[in-house]
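A.B. asks: Generate a structure from the sequence data that follows.
(2 chains)
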Amino acid sequence: MTLSDTIAGLLGLNANDPLQFFLAAIIASAIVGTFMLVNVAIAGPWAKRKITAAFTDRIAVNRIGPFGLMVIVADAVRLLSKELIVPEEVDRPAWDLAPLVIAGSALFGFAVIPMGNGIQVADPEAGLAYVFAVASLASLGLVMAGYASNNKYSMLGGLRAVAQNLAYEIPLVLTGVSVVIFAGTLQMSEIVAAQTGTLATIAGIPIPSWYAFVNPFAFVLFLVANLAEVGRNPFDTPEAPTEIVAGYQTEYSSVYFVLMYLGEFIHIFLGGAIIATIFLGGPAGPVLPGIVWFLIKIWAVFLFTQWARSALPRVRIDQLIEIGWKGMLVLSFANLILTAIIVGVVV
Amino acid sequence: MSLEEPGTRDVGLTKAGEVNYDELEALLGDAVLGRETHLNAEAFVIRPDAVQDTLSTLKEEAGFDFLNCVTAQEYQDRYETIYHMTKYDDRTQEVGVVVPTSKDDPVSESAEPVFRTADWHEREAYDLVGIEYADHPDLRRILLPETWQGHPLSMDYDQTKPQIVTLRENKNPLQEDQRLNDDSDTMLLNIGPHHPATHGVLHVEATLDGEQVADVEPDIGYIHRCEEQMCQQGTYRHQIMPYPDRWDWGGAGLLNEWAYARTAEELADIDVPEYAQVVRTMSAELSRILSHMLAVAAYALDTIGDFTATFMYGMQDREVVQNILEDLTGQRLMFNYFRLGGVAWDLPEPREEFFEKIRAFIDDLPEKLEEYHNLLTSNEIMQVRTVDTGYLDPEVAKNYGATGPVARGSGIDYDVRRDDPYGYYDKLDWDVVTEDGGDNYARLLVRLQEVEESAKIINQCVDLLEDWPEEDRTIQANVPRTIKPEPDTEVYKSVEAAKGELGIYIRSDGTDSPARFKIRGGSFSNLQTLPEMAEGEYIADLIASLGSLDTIMGEVDR
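C.D. replies: Purely as a prediction, here's the structure:
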């Protein structure tokens, strides 16, 4: 039962009629999309500041509202009321579309993520492939932004982004495939269902058979590749503020800037959602409802990226590519083959 | 290399190890027109067409391998360029080379082929005074815009007439770069003058080949504020001392003040009471910690790229020192605490509380430094980023006149505090830190270790000050209200500032303010080495190298 089915049922729509089902699906997408945007709104202007402040011994926003929470509203007003500066000779359609592509592509991914309590817009059989596919669309947006900005820093940033995504997309997908070998399916709900068993019981505490416990090696690989995929330290070379100012987003201001940033944050959450789904049992967890557990897991991944951002130096672009092609790729292939052998022999 | 001719080092030295100027004069032959006596050393007046021969003889045969500073000035009847030379091995051995040129044809031979460091120094002399240097590879203006009319420190320059140079007039930033031909694969990238990594308004013209740096040219002068001219208008006694603070806003103000104090005290023959020397030494080293902490924190920012933990830790640790210096001087940035002949006032009362604060900081310091080592030097990513990048060969560094942590990071054992002692340094127990790496990592290590050495010095000073008898606490010598040194007295003295050797040349004309006041900023010479480090490396390494030089533009542009 997906969220679209539930809504169709509630509204008395016929789920077999494509038009009526489309309407239900649109409503479901709006709910999920809004839900994720709320998360991003909390993360971007508020949580990120608070978390970084905690890592760096500062206080951060605390003046507006309880715990400074109203800064979210203040920031929204501030960012939306700023002047949108369009530099001379930018490549117009591409320059305008890039922020939309970056922000939109990540939101698409949430359509197939099972968030618990029946919140999942769609559950296609090729779910995991779909998520990886739409998440990679962001690279297109980065190139568009970098190329269309008519700025050398943007150009360098865009090129770096492509080189980086090429180098880390493959290890990311390959490691994801190793999970698929375990689960025997690409369908997200089935992958979650495959992790419901108990792996072992230590001192009376049952350890669930999440793939993070079944194959910790793959989990670590995926976590690292994901950091590069979302462009966070130590792999934030496409932005690299001290080298190339802000990379592909140098020329963007006002709403476009918001969309760029929004896109980055949604991407981090999408990465978290994928990790939660294929490695951490999706919405599974004791006592609390599934959706809460799901949120805890994606925020944990967010916290991890912020920790890396606060503590780790950035690698150089050539080192980054080297780690990707010479290290991660080899390790992810090794992981894939070993998984295949183990699954073939044991199962 | 043990076959090196014995005795080559001894040319121009007396048996006691002093410079034998007569022998040097004989060595230089008929290039020498006469002799001058400066307070710091003897100087030879030479023919303007014999500069290269003279300097290379002094460098190759007499071992004067360090062209410390080039001063240019105009007299009523002539122009003059002074090359202040010394040795990396022994800072106390100095010699000046004075090159007079006529008013009608102010051309003298360039020293650039002998010492690379002369490149920028002579460009500055050309820019500000108007002397031209034959054989100079690139004699353009350096501090002022290329369209500037006249030479501001020359005598016929109308200083009351403002010149406004608009950006468009100076240079069109969108203009195609003419230096590149159309089919080249390189790209010119302007890093700065406003850029997150330039730590001030520095403009680096980088020619990129993909991600690699093919050519680098630092373009300076964006905050040139005529500091030398301002000092020439101030009186020795009080009006000049506040300016040195403004050459370094990284916290090293007290070290800079000492540069002026040392030079002016030599000029006016003032002896500083011992107590004041200890207070100076202690406060100067606190100032050095401020500067080095900032350098390390900002370096973390350059290589990590965000306002991260290391940066904030650096800021917090600085804050403690900042508070101590605020207690002492009343200021947090522009201290203005030194006076000719001593310091402005005694330590704050109650003294015990003040000492307690310093002790607490010194006691906490090892733990804090451990944290920097954990976060930076022992971090593997940091190591792959900085080890073997931005390499500066010791010989190249000497050729460029590099000093301070940049020289010591290349294994050059040179520190003015030890080699030409002043203050109370020679009576304290501390070490000069050197690292042989010559790379970005070595320079980072040197700064972190120098913080430890500074702490050692401060600790010993506090010990001394605690037991200092109350009746002996003279904070200032008796200095006449108006200082008027003899006319045409010339002196060049330097101290070990945070970024490198900070030297000041003063020529007096019998009035109460200097006739020529020349500043040798350590960063000025250090920044010149950037192309040597960065060319052929990645753009990220260029940024890391720039950060590891720890330049401060106040000292470069003056």
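
A.B. asks: Up against chain A, what does the stretch 251-400 of chain B have?
C.D. replies: Listed as neighbours of chain A in the stretch 251-400 of chain B under the rule Cβ under 8 Å from any Cβ of the partner chain: B:300-309, B:311-313, B:316, B:375-376, B:379, B:381-382, B:384-385. Quick note: C-beta positions are derived from backbone N, CA and C, even for glycine.

A.B. asks: Mind checking which of these are in helices?
C.D. replies: B:300-304, B:309, B:311-313, B:316, B:381-382, B:384-385 (DSSP state H).

A.B. asks: Type out the PyMOL command that picks the buried ones from these.
C.D. replies: To isolate the buried ones among these in PyMOL, judged by 16 or more other Cβ atoms under 10 Å in any protein chain shown, type:
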select buried, chain B and resi 300+301+302+303+304+309+311+312+313+381+382+384+385
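
A.B. asks: now the ones in helices among the residues of the stretch 251-400 of chain B next to chain A as TSV including distance to B:Glu326?
C.D. replies: Listed next are those as TSV, based on distance: Cβ to Cβ, whole Å:
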residue	distance to B:Glu326
B:Ala300	25
B:Leu301	24
B:Asp302	28
B:Thr303	31
B:Ile304	29
B:Ala309	25
B:Phe311	22
B:Met312	20
B:Tyr313	20
B:Gln316	15
B:Ile381	36
B:Met382	32
B:Val384	40
B:Arg385	35
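
A.B. asks: can you pull the contacts of B:Tyr492?
C.D. replies: B:38, B:40-41, B:68-69, B:71, B:82, B:84, B:94, B:96, B:263, B:503-505 (Cβ atoms under 8 Å, 6 or more residues apart in numbering or on different chains).

A.B. asks: for B:Leu444, same thing?
C.D. replies: Contacts of B:Leu444 by Cβ under 8 Å, 6+ apart are B:Val296, B:Tyr299, B:Leu376, B:Thr377, B:Thr386, B:Ser548.

A.B. asks: Assess the claim that A:Lys297 and A:Ala276 are in contact.
C.D. replies: Yes. Contact criterion Cβ atoms under 8 Å: A:Lys297 and A:Ala276 qualify, at 3.8 Å.

A.B. asks: Just give me the neighbour total for B:Leu290.
C.D. replies: As a burial measure, B:Leu290 scores 30 neighbours (other Cβ atoms under 10 Å in any protein chain shown).

A.B. asks: Of the contacts of B:Tyr492, which belong to helices?
C.D. replies: Counting by DSSP H, the contacts of B:Tyr492 place B:Thr263 in helices.

A.B. asks: higher neighbour count, A:Lys297 and A:Ala276?
C.D. replies: Between A:Lys297 and A:Ala276, A:Ala276 has the larger neighbour count (other Cβ under 10 Å), namely 30 against 22.

A.B. asks: For the more buried one, which residues are in contact?
C.D. replies: A:Ala276 is in contact with A:Gly282, A:Pro283, A:Phe294, A:Lys297, A:Ile298, A:Val301, counting by Cβ under 8 Å, 6+ apart.

A.B. asks: Is it within a helix or a strand, and which one?
C.D. replies: helix A:254-279 (DSSP states H and E).

A.B. asks: buried set for that helix?
C.D. replies: Applying a neighbour-count criterion of 16+ other Cβ under 10 Å, one finds A:256-279 buried in helix A:254-279.

A.B. asks: Next, give phi and psi for B:Gly342.
C.D. replies: phi 160, psi -140 (degrees, to the nearest 10).

A.B. asks: for B:Arg520, same thing?
C.D. replies: phi -110, psi 100.

A.B. asks: Would you confirm that it contacts B:Ile82?
C.D. replies: No. The pair B:Arg520 / B:Ile82 is not scored as a contact, 11.4 Å apart, by Cβ under 8 Å.

A.B. asks: still on that earlier bit, closest one of the contacts of B:Tyr492 to B:Asp104?
C.D. replies: Closest to B:Asp104 out of the contacts of B:Tyr492 is B:Ile82 (20.7 Å), distances taken as Cβ to Cβ.

A.B. asks: contact partners of the helix or strand B:Tyr133 falls within?
C.D. replies: Assigned by DSSP H and E, B:Tyr133 belongs to strand B:132-134. The contact list for strand B:132-134, computed with Cβ under 8 Å, 6+ apart, reads B:Pro106, B:Val107, B:Ser108, B:Glu109, B:Ser110, B:Ala111, B:Glu112, B:Glu122, B:Ala125, B:Tyr126, B:Leu139.

A.B. asks: Flag every buried residue along that strand.
C.D. replies: B:Glu132, B:Tyr133.

A.B. asks: any bit of the top helix by length along chain A sitting next to chain B?
C.D. replies: Longest helix in chain A by number of residues (criterion: DSSP H): helix A:152-183. Yes. Contact between helix A:152-183 and chain B, assessed by Cβ under 8 Å from any Cβ, occurs at A:Lys152, A:Tyr153, A:Leu156, A:Arg160.

A.B. asks: would a markdown table of these with pLDDT be doable?
C.D. replies: Listed next are these as a markdown table, based on pLDDT from 0 to 100:
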| residue | pLDDT |
| --- | --- |
| A:Lys152 | 85 |
| A:Tyr153 | 87 |
| A:Leu156 | 87 |
| A:Arg160 | 87 |
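
A.B. asks: Export these to TSV and append columns for neighbour count.
C.D. replies: Shown next, in TSV, are these (neighbours: other Cβ atoms under 10 Å in any protein chain shown):
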residue	neighbour count
A:Lys152	16
A:Tyr153	23
A:Leu156	27
A:Arg160	26
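
A.B. asks: tell me which of these is nearest to chain B?
C.D. replies: Nearest to chain B out of the residues of helix A:152-183 next to chain B is A:Lys152 (Cβ to the nearest Cβ; 5.3 Å).
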